[in-house]
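Novice: model this:
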Amino acid sequence: MQFTPYLSYGGLCRQAFEYYKEHLGAGKLEIMTFRDSPMAEQTPEHWRDKVMHAALELGDGALMASDCAPDQVYEGMRGSSVVLSAKTDAEAKKFYDALALGGSVQMPLGPTFWASSFGMVTDQFGASWMVMCALPR
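Specialist: Numbering: from 1, shown residues only. From the prediction side, this is the model:
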């Protein structure tokens, strides 16, 4: 079994996923817009280039997302975080710094009793992240 986080953005999905691809060492990025879908004609013209579905390879997993439907009021992301596990403390710092840029820090990156590095940040696109490097076993 595999779990894949699915995030919802209020119009910034493409920018967020292109940023993640560049700064998180991600693999393949796939984006489908409302314009590319069978629903294009039912979608307001100003929303057709927004993301209907995005998938980004991240390590052994994936992150998926979309922009909210054009008839929905976007209320932001809340109540969950994406956990990003780094292989080293240096990698954790790189990821944390990239996600914190333009965002807001909830917990500075540092050692804890459960991880050699752990920090929490909400990125510039509104997604909440927990970045960590586990203690050696």
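
Novice: hey, what's the closest residue to Ser85 other than its chain neighbours bridged with?
Specialist: In space, Ser85 comes closest to Met132 once its chain neighbours are excluded; the distance is 5.7 Å by Cβ to Cβ, 6 or more residues apart in numbering. C-beta here means a position set from N, CA and C on the backbone, and glycine is covered the same way. Using DSSP bridges, the beta-bridge partners of Met132 come out as Ser85, Phe118.

Novice: Check Met132 and give its pLDDT.
Specialist: Per-residue confidence (pLDDT) for Met132: 97.

Novice: Then the one 5 residues further on?
Specialist: Here, the pLDDT recorded for Arg137 equals 79.

Novice: Next: Gly25.
Specialist: pLDDT at Gly25 comes out at 87.

Novice: Below-threshold pLDDT in this structure: ranges please.
Specialist: Judged against pLDDT under 70, the chain has no low-scoring part.
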